[in-house]
Structures are given as C-alpha cells and as structure tokens.
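# Fold the following for me, if possible:
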Amino acid sequence: MEKTWAEMTPEEKRAKRLEPYFNPTDIKFKSPKAAKQYRERTRRILKMYMNETPDRVPVSLPAGNFPLYYAGGDLKKGMYDYQFLRQAYSKFLQDFKDYADVMQSPGLIHSGKAMEMIGQKLLKWPGHGLKDNVNSYQFVEGEYMKADEYDHLLRDPSDFAFRIQIPRVYEVAKPFAKMQPYATLLGMTLGFASPFTDPEIQKAYQTLIDAGKEMTRWGQEIKAFSDEAVAEGFPSLRGGMAVAPFDCIGDSLRGTQGVILDMYRQPDKLLAAIDLITPIVIQQGIDNCNASGGVMVTFPLHKGDDTFMSDKQFEKFYWPSLKKYADALIAEGIMPVMFAEGRYARRLNYISDFPKGWVHWYFDQTDMAVAKKLVGKNCSISGNIPSSVMCTARPAEVKEYCRKLIETCAPGGGYMLTGGAGATETNAANLKVLMEAALEYGVY
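Numbering: from 1, shown residues only. Down below sits the predicted model:
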C-alpha cells in the first residue's frame with residue numbers, strides 16, 4: 001500500500017517533488033541537445049545542492065539586471081515594457097546558454113505600472129523616486145508598525161495587517177484604515193457588504209483589481225521566458241522566496257532602527273511577535289512551494305550578519321526562528337537556500353546544524369575557506385566572487401579569482417561557482433569566463 005504524504009520521510013517527500021524534474025513529461029525541448037543538457041544540468045545542480053560530487057562544478061552567472069542593458073535598455077524600460085523585458089532575457093538566454101547551468105528569471109524585475117497603481121511605499125525605483133538611469137531598487141526604511149503597537153499585532157495579526165500596516169505601506173489601501181475589524185461581523189453576517197458602500201473603499205478595490213490585471217500581463221511575459229529557458233535545457237528548480245521571521249519585523253514592520261531599539265527596550269514583545277509570525281510564514285513558504293511545484297525556498301537574510309547584532313542577540317532573536325523555519329521545510333521535503341548577505345564569519349559555527357545535503361548557503365562576503373571547513377561538511381555552498389571584481393577586473397583576473405575559489409571550495413563536491421551578489425555593471429566577457437574556469441579547473 002502506498003504511503004500517504006504524512007507517512008513519508010523527508011527524503012521520500014523530496015524524491016516525490018523531484019520526480020517531475022528527473023522525468024519531465026510536459027516539456028517540449030527545442031532540440032535533442034537541449035533535452036540532453038536539461039538532464040545533465042538537473043543531475044549536476046541537484047548533486048551540488050545535496051552536497052554530493054557532480055561531474056563538474058556548476059555555474060550560476062551573477063548577472064543582476066545586466067540582461068536589460070545588454071539588450072540596449074535599462075531597468076526602467078524593463079519594469080514598464082514587459083515585452084522588452086522578455087525579449088531582453090531571451091537574448092541573454094540565447095547568447096549565454098553555453099556559459100551557465102542556471103538561467104535566471106526576470107521575475108525580480110517588478111511591474112512598475114502595478115506598483116504605481118497601488119502606491120507601493122517600500123521601494124523606490126527608476127522614474128519613481130530615483131533617477132531614470134539608476135540600475136537597482138532602493139528599499140525605503142520606515143516604522144510601518146509603531147513601538148506601542150505590538151499588543152495589537154499579537155492580539156489579532158490579520159486585523160493589524162489589514163487595517164494598520166497595509167494602509168501605511170500601500171497608498172491604495174488607505175481607506176482600509178477606517179473599516180471595522182472583521183471580527184465584529186461574528187454573528188452579524190448581514191453587515192459583511194456594508195463597508196463596500198463607501199466610495200473610497202470601492203475605488204480602492206477597483207484599483208487593486210486593475211493592478212491585478214496589470215500583474216497578469218507582466219506574469220504572462222515572465223512565464224513565456226521561463227518556458228523558453230526550460231525548452232533550451234535549463235531546469236527551473238526554485239519554489240519561491242521567503243523571509244526570516246526576524247526580518248519580517250525588521251524589514252517591513254519596525255524598520256532597522258525600530259527593531260534594534262526593541263531588542264533592548266521590549267525584547268519580550270519582540271520575541272512574542274517572532275513566535276507569532278514564525279508558524280504563519282512557515283505555512284506560507286510551504287504553500288508557495290507546493291503551488292509552484294518547486295523543491296526549494298530561497299531566503300535573502302537581511303539582518304543576520306556579523307555587523308548587525310551580537311552573537312548573543314543572534315542566538316536569542318534571529319537564529320531559533322530561522323532554524324525552525326528551515327527544519328519545517330526539510331520535514332516537507334523542501335530544500336532551504338540561504339543567501340547570507342554581508343559577513344557571516346561569526347555565524348558559521350551555528351548555521352551548519354542541519355542534516356547533510358539539505359541546506360544550501362549562498363555567501364556574499366564570507367571567507368569561503370572557513371565556510372567550506374565549518375559549513376561544507378553538511379551544507380552545500382556557493383558565492384563570494386565580489387561584484388567589484390565582476391565589474392572592474394579583466395577576464396583573466398576574474399578567471400584567476402574563480403580558480404582560487406574552485407580549488408578552495410570544490411573538493412568533495414557541494415559547491416557552485418557564482419558571485420557574492422548580482423553584478424549589473426559587468427560585461428559579457430567577464431560573465432563567460434566563469435564557465436571557462438569551471439571547465440578548466442572544476443571537473444571532478
């Protein structure tokens with residue numbers, strides 16, 4: 001009798017998730033060569049993630065928003081012209097398909113039109129708060145939850161999100177602040193539609209519907225590129241993005257300054273909020289991965305690095321909830337991918353505490369020799385080519401940097417060659433040299 005999902009081990013669940021990747025039935029490959037490369041890349045990448053030894057070191061190009069500029073445009077054009085966005089990434093795919101094992105999606109190039117429609121306040125972007133020629137976003141820090149509002153969040157997180165936080169983050173949602181808590185409808189269901197008699201609320205919902213249609217148009221172009229990349233032999237393994245519970249509060253609720261003060265002034269309420277948020281975001285991460293048919297969830301870790309908090313604070317506020325999140329994903333057969341932004345030198349003794357072959361650490365500015373020694377026993381690793389090297393060095397210098405990284409990190413497997421962050425201002429020659437280095441120095 002076949003096991004139910006609940007009866008399966010994490011390994012069995014992962015194998016079930018991976019089955020469509022190893023044995024695809026609905027992909028129309030462009031050529032027999034593309035089909036062969038798909039199988040080779042899938043095995044190579046997954047062996048690396050599982051901390052095993054593949055045929056060679058896989059390569060992920062740290063291109064950032066480079067494809068937009070390579071095609072003669074810029075970030076602003078990509079955000080507002082979805083057809084150009086797809087065409088730019090298609091050009092990059094065709095010109096670089098022999099130089100990468102992973103092909104990045106344009107999914108992080110957001111719809112500028114939709115963000116304008118909803119009045120997004122968390123970001124500035126070219127033409128909206130930033131000059132037209134800026135090539136990246138700028139996150140807007142703010143206290144979107146006040147220091148004295150923890151009790152409301154802890155009492156009713158849905159109500160707090162809907163009537164307090166969201167109206168502060170999105171201009172379109174301002175009218176929601178005057179709505180009554182939905183809990184007041186208990187036993188009085190005839191009043192459900194009453195708030196929608198308000199013209200401002202009607203307009204807000206209509207704007208959200210229109211923004212949703214705009215995002216659908218954007219999403220169609222993203223999917224078209226993803227289908228093209230798969231047809232060219234590039235597996236799409238990711239299952240969504242996630243945020244560490246502490247970062248949920250530090251990024252978009254209290255802000256950096258606010259959450260630092262809370263660690264000292266009201267640590268118990270901060271910890272209570274982290275405990276409240278953790279199961280909510282865990283379920284969200286699992287649901288998103290299931291919906292996408294993915295096998296991994298990626299975490300950009302914003303506030304866990306050495307310079308943000310002390311070791312004691314990391315042990316108390318950051319790591320326990322993140323570890324709980326990662327363990328919950330593993331239990332569901334999902335592999336966490338942790339992007340350790342900044343420096344993680346003092347964190348390395350903590351972050352390898354996982355079963356072998358389940359967690360991948362993508363390092364920004366961490367010493368890779370030490371990371372390989374302390375983390376590489378259980379976790380696969382990648383990263384560390386500085387954006388400065390990618391953007392300013394000559395191809396021979398980039399190749400030499402890659403050689404040293406491969407010789408340091410590749411032994412025993414579990415290493416992918418890539419940058420410490422995206423390098424939008426790099427050039428084609430410097431990107432292509434990564435594969436040259438992998439083929440010359442990274443074959444097992």
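# if you skip the residues just before and after it, what's nearest to the most centrally placed residue in the chain?
With distances taken as CA atoms, centre = their mean, the residue of the chain nearest its centroid is Met241 (3.9 Å). Excluding its sequence neighbours, the residue lying closest to Met241 (CB to CB, 6 or more residues apart in numbering) is Thr298, at 5.4 Å. (Glycine included, C-beta is placed from N, CA and C.)
# For the one you found, which residues are in contact?
Contact analysis of Thr298 by CB atoms under 8 Å, 6 or more residues apart in numbering lists 238, 240-242, 336-337, 339.
# That one falls within a helix, correct?
No - remark: Thr298 does not belong to a helix; assigned using DSSP: H, G, I helix; E, B strand; the rest coil, it is strand.
# how close does it sit to Thr53?
Using CB to CB, to the nearest Å, Thr298 is found at 23 Å from Thr53.
# quick one: the residue nearest to the centre of the chain and Pro300 touch, right?
Yes - between Met241 and Pro300 there is a contact under CB atoms under 8 Å: 7.2 Å.
# Using JSON lines, please lay out the contacts of Thr298 together with pLDDT, secondary structure and distance to Arg44.
Listed next are the contacts of Thr298 as JSON lines, based on pLDDT from 0 to 100; DSSP: H, G, I helix; E, B strand; the rest coil; distance: CB to CB, whole Å:
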{"residue": "Arg238", "pLDDT": "75", "secondary structure": "strand", "distance to Arg44": "16"}
{"residue": "Gly240", "pLDDT": "88", "secondary structure": "strand", "distance to Arg44": "22"}
{"residue": "Met241", "pLDDT": "93", "secondary structure": "strand", "distance to Arg44": "23"}
{"residue": "Ala242", "pLDDT": "96", "secondary structure": "coil", "distance to Arg44": "25"}
{"residue": "Pro336", "pLDDT": "98", "secondary structure": "strand", "distance to Arg44": "20"}
{"residue": "Val337", "pLDDT": "97", "secondary structure": "strand", "distance to Arg44": "16"}
{"residue": "Phe339", "pLDDT": "97", "secondary structure": "strand", "distance to Arg44": "21"}
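# tell me the contacts of Ala204?
172-176.
# what do you get if the cut-off is 10 Å, keeping everything else the same?
When contacts are counted by CB atoms under 10 Å, 6 or more residues apart in numbering, Ala204 touches 118, 167, 170-176, 196, 198.
# Which among the residues you listed count as buried?
Using 16 or more other CB atoms under 10 Å as the burial test, the contacts of Ala204 include 118, 167, 170, 172-173, 175-176 as buried.
# Now flag whichever of these is closest to Pro395.
Nearest to Pro395 among the buried ones among the contacts of Ala204 is Ile118, at 42.9 Å by CB to CB.
# The closest one and Thr207 touch, don't they?
Yes - contact criterion CB atoms under 10 Å: Ile118 and Thr207 qualify, at 6.9 Å.
# which secondary structure element contains Gly304?
Assigned by DSSP states H and E, Gly304 falls within no helix or strand.
# just to revisit the earlier point, show me what the residue nearest to Met241 bridges to in the sheet.
Under DSSP bridges, the beta-bridge partners of Thr298 are Met241, Val337.
# just for the stretch 201-350 of the chain, where's the confidence low?
Within the stretch 201-350 of the chain, the set of residues satisfying pLDDT under 70 is empty.
# Please repeat the previous calculation with a cut-off of 90.
Scanning the stretch 201-350 of the chain with the threshold set as pLDDT under 90 gives 237-240.
# One more: the stretch 1-150 of the chain?
Applying pLDDT under 90 to the stretch 1-150 of the chain flags the ranges 1-2, 26, 141.
# what about the strands in it?
123-126, 129-130, 138-139 (DSSP state E, counting those that start in this stretch).
# repeat for the stretch 251-400 of the chain
Counting by DSSP E, counting those that start in this stretch, the segments of the stretch 251-400 of the chain that form strands are 296-301, 335-340, 360-363, 380-383.
# so which of the ones you listed is the most packed in?
strand 380-383 (a mean of 26; mean count of other CB atoms under 10 Å).
# Pull the distance from that one to the chain's centre.
With CA atoms, centre = their mean, to the nearest Å as the basis, strand 380-383 stands 15 Å off its chain's centre.
# And stretch 99-115, by the same measure?
Per CA atoms, centre = their mean, the displacement of stretch 99-115 from the mean C-alpha position of its chain is 11 Å.
# Run a quick neighbour tally on Ser388.
By the criterion of other CB atoms under 10 Å, Ser388 has 11 neighbours.
# ok, it - contacts?
Taking CB under 10 Å, 6+ apart as the contact definition, Ser388 lies against 420, 423, 425.
# What of Gly191?
180, 184-185.
# Filter the residues you listed down to the buried ones.
The buried subset of the contacts of Gly191 (16+ other CB under 10 Å) is empty.
# re the thing from before, let me see the contact set for the residue nearest to the centre of the chain.
107-108, 285, 288, 297-300, 337, 339.
# picking up where we left off before, same list (the strands of the stretch 251-400 of the chain) but as a markdown table, adding distance to Phe192.
Formatted as a markdown table, the strands of the stretch 251-400 of the chain follow (distance: least, CB to CB, whole Å):
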| stretch | distance to Phe192 |
| --- | --- |
| strand 296-301 | 35 |
| strand 335-340 | 39 |
| strand 360-363 | 46 |
| strand 380-383 | 50 |
